[in-house]
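Chemist: Quick one: sequence and predicted model below, then my questions.
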Amino acid sequence: MKYMNIVRCVVVVVIANMSCGDLASAGENSLDWRTESKATLDERMAWWEEARFALFIHWGAYSVLGGEYKGETLEHKYAEQIQRICKISKEDYRKDAASLFRPEQFDAEQWVKLAKDAGMKYVVITAKHHDGFAIYHSKHSDFDVENTSQWERDPLKELSDACRKHGLKFGVYYSQSQDWHDVFDPSGDWKAPGNPAATRGSQWGDPAKCDKAAANRKMFEAYMEKKGIPQVVELIEDYGVEMVWYDTPGAYLDEYAQPFLDAVRNTNPDVVVNARIGAGLGDYQGGPDSPVVFSYTKDRYWEAIQSTLHSWGYNKFDEVSRRPTDYLLRMLATVVSKGGNMMINVGPKPDGTLVENDTKCLREIAEWSRDHIESIHGAHRSPLPPQNWGVVTRKGTDLYLHVFDWPEDGTLRVGGLRTAGTSA
């Protein structure tokens, strides 16, 4: 295999009456549940835990700009936040970005087939990012691909249909706490005190920190009632969404997390909700963007997300940050060896095509997956201590040894294994 220089092979070891330490903690769920949905958690999470591997997609009006606005370029920065970084007014962002989002070459089937071939079991895409622009036909805002872009096709519907056709679960990213278009008007001074669009955190709603807190709260609650909650409901009802991936909970008050959870639970209680809804209300634990270290956790359900570049949205200046396929495969095996799920992100171009190197990466992952994906799907954390040659995933009494570096003497020693293997 071409990409065996980092994950040289996966050795399957079958153990009779395996004895390798206490496995009880691996099945425990230590999350502190604060909702009645705890009773159906394991049933709701069954497909998610089995899947282990997914495609994350950041795509929207910001893709049109590609990390550049009026001569300012976003090297080593998040291109999907270009409106905030370049302090683009609402009117200019509508004119220069959102109105031009017309993905003529978008092929949902191609995207889904690439994900499926790579061994990914679900897809999560940005239905609405912080800029407030919906990449679907929304009944609750005219700042969408139908009205602002005057685009008759519905990219989200096409992707949802393609996922269903090819047997992948379909989820959406939804920025619940930030909306730079319909909640707070950034057309003035982005740095003005009390301007929530420019504030990094929820102090905009705290009377002790912001003299405009009462007015800001009123605006946010109006947004929840008129747009935020209705859009989440329509995404579940009209697009068959099976997972809602909320973001940036630190940008709003904890009290607003519950309405966004209720929007999901009251529409379809089986929909999975991520940790970034805030206030500890998610179905599973999350982590930072693009982590490099994964500490041990007793939590049964947790996730890691990694972009192929530093930026999550399309950024034509960010190729220098590209993570090699080998690096991503090693991370995938490591995450699953510790009981987690992993999403790899790509940022498509505004015309609907994937960046060439992202397509190349997904095809290289597919090459590896053809022989090794059984060590990922349905696998669980390793019961063994850390190994100096790689990581271990497990299914029942089968151990999958992901060998990153073969010992120089050619003998693979499995530390902590107290029972002889019946086959390898």
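Modeler: Perfect, I can see it now.
Chemist: Who are the packing partners of the longest helix anywhere in the chain?
Modeler: With secondary structure taken from DSSP state H, the chain has its longest helix at helix 356-372. Under the contact definition 3 or more C-beta pairs under 8 Å, 6 or more residues apart in numbering; DSSP states H and E, helix 356-372 sits against helix 108-117, helix 325-337, strand 341-346. Bear in mind the C-beta positions are built from the backbone N, C-alpha and C, glycine included.
Chemist: repeat that with 7 Å
Modeler: For helix 356-372, the elements it packs on are helix 108-117, helix 325-337, judged by 3 or more C-beta pairs under 7 Å, 6 or more residues apart in numbering; DSSP states H and E.
Chemist: so the residue most central in space within the chain bridges to which residues?
Modeler: By C-alpha atoms, centre = their mean, the mean C-alpha position of the chain lies nearest to Phe56, the distance being 4.9 Å. When bridges are called by DSSP bridges, Phe56 pairs up with Val124, Asn345.
Chemist: ok, now which ones touch it?
Modeler: Phe56 sits next to 124, 305, 343-345 when contact means C-beta atoms under 7 Å, 6 or more residues apart in numbering.
Chemist: Repeat the analysis, applying 6 Å as the threshold.
Modeler: By C-beta atoms under 6 Å, 6 or more residues apart in numbering, the contact list for Phe56 reads 124, 305, 343, 345.
Chemist: From Glu319, how far off is the first one?
Modeler: Using C-beta to C-beta, to the nearest Å, we find Val124 at a distance of 24 Å from Glu319.
Chemist: Name the nearest residue to Ala115, ignoring sequence neighbours.
Modeler: Leu55 (4.1 Å; C-beta to C-beta, 6 or more residues apart in numbering).
Chemist: How about Gly250?
Modeler: Leaving aside its sequence neighbours, Gly250 sits nearest to Gly201 (C-beta to C-beta, 6+ apart; 5.8 Å).
Chemist: in stretch 207-224, what's buried?
Modeler: Going by neighbour count (16 or more other C-beta atoms under 10 Å), the buried part of stretch 207-224 is 210, 212-213, 216-217, 219-220, 223-224.
Chemist: what's the answer for stretch 88-95, then?
Modeler: 88, 90, 93-94.
Chemist: Return that stretch as CSV; C-alpha atoms alone will do.
Modeler: Coordinates of each C-alpha in stretch 88-95 appear next as CSV, following Å, rounded to 0.1, in the frame of the first residue of the first chain:
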residue,chain,number,x,y,z
ILE,A,88,-16.7,43.6,6.1
SER,A,89,-20.1,45.4,6.5
LYS,A,90,-23.3,43.4,6.2
GLU,A,91,-24.2,45.2,2.9
ASP,A,92,-20.7,44.6,1.3
TYR,A,93,-20.7,41.0,2.4
ARG,A,94,-24.0,40.4,0.8
LYS,A,95,-22.9,42.1,-2.4
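Chemist: how far does that stretch sit from the chain's center?
Modeler: Offset of stretch 88-95 from its chain centre (C-alpha atoms, centre = their mean, to the nearest Å): 27 Å.
Chemist: Show the residue spans covered by the strands in the stretch 151-300 of the chain.
Modeler: 169-174, 243-246, 272-273 (DSSP state E, counting those that start in this stretch).
Chemist: and of these, who's closest to Glu374?
Modeler: For Glu374, the closest of those is strand 169-174, at 18.9 Å, according to C-beta to C-beta.
Chemist: Check the average confidence over the closest one, would you?
Modeler: Averaging pLDDT along strand 169-174 yields 98.
Chemist: what's downstream of the worst-scoring helix or strand of the chain on mean pLDDT, the next helix or strand?
Modeler: In the chain, the helix or strand scored least confidently by mean pLDDT, DSSP states H and E is strand 9-15, which has a mean of 60. Downstream of strand 9-15, the next assigned helix or strand under DSSP states H and E is helix 41-51.
Chemist: how much does that following helix deviate in direction from strand 169-174?
Modeler: 100 degrees (axes from the mean of the first three to the mean of the last three C-alpha atoms, to 10 degrees).
Chemist: Begin at 16 from now on, thanks
Modeler: Done: numbering now begins at 16, and the last item shifts to helix 56-66.
Chemist: Any buried residues in helix 56-66, and which?
Modeler: Neighbour-count burial for helix 56-66 [16+ other C-beta under 10 Å]: 56, 59-60, 63-64, 66.
Chemist: on that earlier part again, to Gly81, which of the strands of the stretch 166-315 of the chain lies closest?
Modeler: strand 184-189 (19.4 Å).
Chemist: relative orientation of that closest one and strand 356-361 in degrees?
Modeler: Using the same axes, to 10 degrees: strand 184-189 against strand 356-361 is 70 degrees.
Chemist: So what touches strand 184-189?
Modeler: Under C-beta under 6 Å, 6+ apart, the answer for strand 184-189 is 137-139, 141-143, 175, 178, 250, 256-261.
Chemist: and those residues, which two are the farthest apart?
Modeler: Cys178 and Tyr261 (19.8 Å).
Chemist: Can you report how many residues neighbour the closest residue to His155 other than its chain neighbours?
Modeler: Excluding the flanking residues, the one nearest His155 by C-beta to C-beta, 6+ apart is Pro245, at 4.2 Å. For Pro245, the neighbour count with other C-beta atoms under 10 Å is 16.
Chemist: quick one: Pro245 and Trp195, what's the gap?
Modeler: 19 Å.
Chemist: buried stuff in stretch 247-254?
Modeler: Those buried within stretch 247-254 under the rule 16+ other C-beta under 10 Å are 247-251, 253-254.
Chemist: again with stretch 366-381
Modeler: 367-370, 373-374, 376-377, 379-381.
Chemist: do the same with stretch 121-137
Modeler: Buried residues in stretch 121-137, counted by 16+ other C-beta under 10 Å: 121, 123, 126-137.
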